Structures are given as C-alpha cells and as structure tokens.
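Chemist: one predicted model, sequence on top.
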Amino acid sequence: MSETLLERPEDGIAVIRLNRPEARNALSAAVREELAQHFTALAADETVRCVVLTGGDKIFAAGADIKAMAEASPSEMMRRAGERSWKPLKEFPKPLIAAVNGWALGGGCELAMHADIIVAGEGAKFGQPEIRVGIMPGAGGTQRLPRAVGKFKAMKILLTGEPVTAAEAEAMGLVSEVVEDARTIERALEMARSIAALPPVAARKIKEAVLAGADAPLDAGLLLERQAFQLLFDTADQKEGMAAFVEKRKPAFRGE
Ligand code: DAK
C-alpha cells in the first residue's frame with residue numbers, strides 16, 4: 001500500500017494525501033521519496049494549476065520518523081541527504097495549499113510551512129518538538145517559522161517544544177484560515193478551485209516574487225516584481241482579463 005495518495009478530484013487540481021495513519025503520517029524515507037516524486041511530476045504537468053496537500057481528517061503529520069533516526073550516526077544522516085527529498089517541494093512553482101487537521105509536528109509543521117496557504121481545522125495543533133527528542137528542526141523550522149511569526153513567538157515554539165492551537169497559529173500568522181475540522185479539506189479545495197480558474201502564469205509569478213523577494217533587499221524585490229509584472233503583458237490571459245473587464249463580461253482564461 002502506498003504511503004501517499006495522489007488524487008485528481010477536479011480539472012486543474014491535484015490532492016496529495018499522506019497515508020500512514022498507523023504511524024501518525026510520520027515522514028518515513030518512503031513518504032518523503034513519494035512526495036518528491038509527486039511534486040516533481042505535478043510541477044511538469046501543465047494540466048495542474050493548484051495542489052492541496054493533506055494528511056486527512058485526523059492528523060497532518062507527526063514529523064520525521066523518529067524510529068528510523070534513533071540509532072543513526074552523523075555521517076549516516078549526511079549520506080541520507082534528507083534535503084534532496086525536500087527540494088522539489090521547496091521549488092514547487094505552483095500554488096500549494098496545506099489542509100491541516102490534527103497534529104502538524106516537527107517535519108510535519110515544516111511540511112505545512114512549505115505551502116503557500118495553510119487552512120487549518122480548529123482542532124489542529126502545530127509544533128516543533130524536536131528539542132524534546134534531543135535534536136532541532138532540520139527542514140527549515142528555525143528559518144521559516146521566525147519569518148512567518150517573528151522571533152519571539154518562534155523561539156517559544158522552538159525552545160519549549162510546546163504546540164500551539166490552530167487559533168494561536170492563526171493569530172501569529174502561521175495559518176491563513178481556521179475552519180471547522182470537518183470543513184478543512186473542502187475549504188482548501190474551494191480555494192484551489194478558485195485559484196485554478198485564474199491565470200496560471202500570474203499565479204506562478206506572484207509566488208516567485210513573494211518567495212524570492214522575502215529574502216532580498218527591498219529594491220531587489222521590487223525590481224523582481226516589476227520585471228514579472230511587465231512579463232505578464234506578454235500573456236493571452238492578461239489581454240483576456242482586461243478585455244473582459246472593459247466589456248463587462250466574465251473572463252475565459254486559457255492559461256496562455
Ligand atoms: N516517528 C515514528 N513513529 C511515530 C511518530 C514519529 N514522529 N509519531 C508517532 N509515531 C508512531 C508511534 O510510535 C506509535 O507507533 P506504535 O507504538 O503503534 O508502533 C504510533 O505512531 C501511534 O503514536 P501514538 O500512540 O503516540 O499516537 P497518539 O495519537 O497518542 O499521539 C502524537 C500522536 C503525534 C502526538 C505522538 O505520536 C507524538 O508526539 N509523536 C512524535 C512527535 C514528534 O516528536 N515529532 C518530531 C519528530 S523529529 C530532516 C528534516 C526534518 C527532520 C529531520 C531531518 N532532514 C532534512 C535531515 C524533522 C525531525 C522531526 O520531525
């Protein structure tokens with residue numbers, strides 16, 4: 001049985017579902033490898049406009065597989081080169097929505113933070129408990145979390161290992177929207193549906209500008225934005241979007 005499931009529920013949308021409930025969706029080597037393969041394939045698939053990543057109704061992911069790391073040596077961890085399997089996710093060029101129910105811990109929280117939008121069920125909990133098993137985050141937690149929520153909220157989460165609720169996560173800027181647990185995946189799909197109906201080149205350039213600009217000096221980020229903005233005037237969807245506005249009709253975007 002596969003440890004992740006790839007579904008195509010509707011045109012333009014793909015759903016990746018972690019499927020290892022017996023181990024609380026812990027990110028085994030197999031899970032990470034399958035995720036890498038899915039994200040590589042979906043990046044290249046022109047028919048996919050937006051992706052939803054979820055662990056299902058009960059749990060998002062309990063982090064890296066502790067049992068598989070417990071006896072590892074430093075050189076073995078180096079040889080495993082875990083960062084290779086995160087790369088396709090880090091570089092995924094299309095809008096990615098995480099739909100989080102239950103625990104998103106350690107590598108699971110880091111997985112959610114690779115998304116562009118996080119929809120959380122009200123019972124979701126986020127945390128970086130690595131310190132409690134003697135390590136620290138290894139997939140961007142010490143970098144993405146402070147960028148998302150600021151130093152003092154991040155330090156509290158990282159240094160105490162204590163989880164935060166969905167409401168707390170939303171208040172600090174770690175979550176885009178909180179909904180009833182039963183609505184999490186449907187709400188993520190609703191958002192995916194509306195994004196998938198919008199021009200994909202514009203979506204891609206917005207994501208690129210936000211992510212690349214976040215770590216660049218303001219002037220470099222503004223230059224990046226300006227160039228991407230100008231490039232969009234070369235797309236058929238820009239002509240269609242503006243013509244539809246002027247003609248007071250609904251635009252029909254073709255993704256060109
Ligand atoms: N790894 C392995 N097995 C896990 C697991 C995990 N992270 N989380 C749960 N399981 C397994 C349990 O061992 C148990 O297995 P059996 O005893 O049935 O064989 C089964 O899942 C059910 O777990 P529980 O009985 O504990 O279930 P509960 O519902 O009571 O509790 C829980 C759920 C998620 C609150 C709890 O299981 C828990 O606290 N899990 C550990 C959470 C944790 O400490 N996460 C941080 C792991 S360290 C790297 C990148 C990233 C990372 C590392 C390297 N590189 C790029 C190199 C990330 C590191 C981490 O995430």
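Modeler: Perfect, I can see it now.
Chemist: every contact and neighbour count from this point should use C-alpha atoms.
Modeler: OK.
Chemist: quick check: phi and psi on the residue of the stretch 151-256 of the chain found nearest the ligand?
Modeler: The nearest approach of the stretch 151-256 of the chain to the ligand comes at residue 161, 8.7 Å away (Cα to the nearest ligand atom). Dihedral pair for residue 161: phi 70, psi 0, per degrees, to the nearest 10.
Chemist: give the contact list for it.
Modeler: Each residue near residue 161 by Cα atoms under 8 Å, 6 or more residues apart in numbering is listed here: 127-132.
Chemist: helices or strands up against the host helix or strand of residue 35?
Modeler: Assigned by DSSP states H and E, residue 35 belongs to helix 29-44. Contacts defined by 3 or more Cα pairs under 8 Å, 6 or more residues apart in numbering; DSSP states H and E place helix 29-44 against strand 4-10, strand 13-18, helix 83-90.
Chemist: quick one: contacts of the one helix or strand residue 143 maps to?
Modeler: Here residue 143, judged by DSSP H and E, is contained in helix 141-149. The contact list for helix 141-149, computed with Cα under 8 Å, 6+ apart, reads 106, 109-110, 113, 128, 152-155, 158, 172-174.
Chemist: how about the nearest residue to the most centrally placed residue in the chain, chain neighbours excluded?
Modeler: Note on the chain: the residue nearest the mean C-alpha position is residue 115, at 1.5 Å, using Cα atoms, centre = their mean. In space, and not counting its chain neighbours, residue 115 is closest to residue 96: 5.0 Å by Cα to Cα, 6 or more residues apart in numbering.
Chemist: what's the answer for residue 57, then?
Modeler: residue 101 (5.8 Å).
Chemist: show me the contacts for the one you found.
Modeler: Taking Cα under 8 Å, 6+ apart as the test, what residue 101 contacts is 55-60, 120-125, 181, 184.
Chemist: looking at these, which is nearest the ligand?
Modeler: Nearest member of the contacts of residue 101 to the ligand, counting by Cα to the nearest ligand atom, is residue 59, at 7.9 Å.
Chemist: kindly tell me how buried the closest one is, as a neighbour count.
Modeler: Neighbourhood size, residue 59 [other Cα atoms under 10 Å]: 25.
Chemist: now residue 136
Modeler: There are 17 residues near residue 136, going by other Cα under 10 Å.
Chemist: report the separation between it and residue 70.
Modeler: From residue 136 across to residue 70, the span is 14 Å (Cα to Cα, to the nearest Å).
Chemist: same check on residue 63?
Modeler: Taken as Cα to Cα, the span from residue 63 to residue 70 is 13 Å.
Chemist: residue 132 too?
Modeler: 13 Å.
Chemist: and the one helix or strand residue 205 maps to, what other elements does it pack with?
Modeler: Applying DSSP H and E as the criterion places residue 205 in helix 200-214. Using 3+ Cα pairs under 8 Å, 6+ apart, the elements in contact with helix 200-214 are helix 218-231.
Chemist: rewinding a little: what's in contact with the helix holding residue 35?
Modeler: Residues beyond helix 29-44 that count as contacts (Cα under 8 Å, 6+ apart) turn out to be 3-4, 6, 14, 16, 18, 48, 85-89, 92-94.
Chemist: show the buried residues in the residues you listed.
Modeler: For the contacts of helix 29-44, a burial check counting by 16 or more other Cα atoms under 10 Å picks out 3-4, 6, 14, 16, 18, 48, 85-86, 88-89, 92-94.
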